[in-house]
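Visitor: Build me a model:
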Amino acid sequence: MKVAKVAVVGCGPSGLCAIKNCISEGFEVVAFEQTSEIGGEWNSNLEVGPNVHSKIYEGLETNFTKELMEYSDFSYDEKVTESFLTQDKVFKYFKSYTKKFELKKYIKFNHRVIRIRPVDDQWEIIVQNLKNDEFETIFSDTVFICNGLSAPWMPKFEGQNIFKGNILHSRDYRNTKMFKGEKVLLIGSGTSAFDMVIAIDKVAKKIVWLNKIQQTHGKQVNLNLSSNSIIKTSQVKRFTKSGAEFEDGSFEEFSIIAFATGYDFTFPFLSVDSGISVYDKCVQPLYKQCINANRPSMAIIGLPWFTLRIPLFELQIKFCMQYWSGRKNLPSREEMLQDIQEDFKTRNITENLHKAHYLGFAKHGLYFDDLAKTSGIEPLKQVLVDLSTHQVQHAFENYKTFRFYNYKVLNDFEFSCNCKLNLIKNEDDKV
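Guide: Residues are numbered from 1 along each chain as shown. Alright, predicted model coming up:
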């Protein structure tokens, strides 16, 4: 496949990476961003609502050191010495990346993609200029879908519509003010739930944290919460006007129910004949979790979760470019579909389709290696895989203190780790 023109949907971290790599290939590039700025969710907006894409809340710090959150060809400013960064430093990094490679001139800001559909051997893309409400149709040989995750996923429970208190999703969580003195039910077992329960624990009258296995991704997590917070494993049976009944027969009253239950994949602009379907958080059929097997001139970037985000974006994009540039030939549709089935079988994805894009830090290095080996691109450095594993283990051991460590990559295979404070055991060794 040899292409000339590429369209990019979304200009967050993955979209910016796509633009930059397309430029490097000499492709004609046009990118659409429905807001007035780059950065996606890292473009902080403390408002809430269905059209707000930022998930940033007060006091947020990254879960991974900056070396795991940078592109391979662009490092953080040497003045940034800490490992775990606040939102403003991350956003500044993406702005610097955009400036360095002069990406803005390829971006149409305040342009919302309305529809993408195949027409002959191209993609017809209809976009709306949000400033003047005018519509434009363009055609492109290929499309990178980089719109990220912003649609909250919330499970449904009996009686949910009669609950008289407040119900919110973690996407709309900005600070702890509304939780002061309240009785809170928090549902979820991911990192957003960790951050929320630690913060809310300081101000709420009581928290019942529904973390169904007291673990996340198979690991016991130590949060050192106060006696105001109770971890409960029993599922909600039904909501009432004042609280919730649980399957173990107990009942609790609440004034706030907070869902930290993650996000869904939504592509409202894709036509029914785009070749892509979404069911139970499973987007298919995607060869190597990114290329549309039915129409391989389309790729969706960034679906795999519980993995390193920036390296994932970069490797998937470079993987696609190997084929779109003509350097490599894609397998047949039948071969790609067979590869998808083998992947599902290997990862035991059967009835639990919502785990189709789950990698996990114990095995995500295998996925990165597979992308590199299959397409002939440079693999992710082993030190980054090992560093991520080390950081995750620290977080599980004590989520409140794992950001007290500073990390430094020494070479392609070694990194150092030392504690900034004397609150925990000092580690100042090569790992």
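Visitor: What segments of this protein are helices?
Guide: Along the chain, the stretches classed as helices by DSSP state H are 13-25, 87-100, 191-200, 309-324, 333-346, 364-375, 382-397.
Visitor: For W123, which of these is the nearest?
Guide: For the helices of the chain, proximity to W123 was assessed by CB to CB; helix 309-324 is nearest, at 12.8 Å. Yep, even glycine has a C-beta here, placed from its N, CA and C like the rest.
Visitor: surely I207 meets V197?
Guide: Yes. With contact defined as CB atoms under 8 Å, I207 and V197 form a contacting pair (6.3 Å).
Visitor: Find the residues that touch each one of the two.
Guide: Counting by CB atoms under 8 Å, 6 or more residues apart in numbering, the common neighbours of I207 and V197 are L186, L225, S229.
Visitor: Point out the least confident member of these, please.
Guide: Within the shared contacts of I207 and V197, pLDDT reaches its minimum at L225, with 83.
Visitor: residues touching the closest residue to it other than its chain neighbours, list them.
Guide: Residue nearest to L225 in three dimensions, not counting chain neighbours: D201, with 5.2 Å by CB to CB, 6 or more residues apart in numbering. Listed by CB under 8 Å, 6+ apart, the contact set of D201 reads I207, L225, S226, N228, S229.
Visitor: Residues in a beta bridge with the residue lying closest to the last one once chain neighbours are set aside, which ones?
Guide: When you say that, I think you mean S229. In this structure, S229 finds its nearest non-sequential neighbour in I207, 4.3 Å apart by CB to CB, 6+ apart. Applying DSSP bridges to I207 gives these bridge partners: V184, S229.
Visitor: Would you mind listing the residues in contact with I207?
Guide: By CB under 8 Å, 6+ apart, I207 lies in contact with K183, V184, L185, L186, V197, I200, D201, L225, N228, S229, I230.
Visitor: Taking the contacts of D201, please make a ChimeraX selection of just the buried ones.
Guide: The ChimeraX selection below is limited to those of these classed as buried (16 or more other CB atoms under 10 Å):
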select :207,225,229
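Visitor: okay if I get the contacts of D201 as CSV plus distance to V80?
Guide: Shown next, in CSV, are those (distance: CB to CB, whole Å):
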residue, distance to V80
I207, 34
L225, 31
S226, 33
N228, 36
S229, 34
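Visitor: How is this protein divided into domains?
Guide: Under the assignment automatic domain parsing, the domains of the chain span 5-148+264-380, 154-259, 385-430.
Visitor: least reliable of the ones you listed going by mean pLDDT?
Guide: Among the domains of the chain, domain 385-430 scores lowest, at a mean of 80.
Visitor: Pull the distance from that domain to the chain's centre.
Guide: Relative to the centre of its chain, domain 385-430 is centred 22 Å away, using CA atoms, centre = their mean, to the nearest Å.
Visitor: Surely Y323 and K288 touch.
Guide: No. Applying CB under 8 Å, one finds Y323 not in contact with K288, separated by 10.4 Å.
Visitor: Pick out the most distant pair among the contacts of D201.
Guide: I207 and S226 (9.0 Å).
Visitor: Now the residue of the chain positioned farthest from its centre, what are its backbone angles?
Guide: For the chain, the C-alpha farthest from the mean C-alpha position belongs to G249; by CA atoms, centre = their mean, that distance is 36.0 Å. Here is the backbone geometry of G249 (degrees, to the nearest 10): phi 90, psi -10.
Visitor: Please report how far it lies from E58.
Guide: Distance of G249 to E58, computed by CB to CB, to the nearest Å: 38 Å.
Visitor: got it, and I207?
Guide: 18 Å.
Visitor: again, but for I256
Guide: 17 Å.
Visitor: So which of these two has more stuff around it?
Guide: A direct count of neighbours by other CB atoms under 10 Å for I256 and E58 places I256 higher, at 19 against 13.
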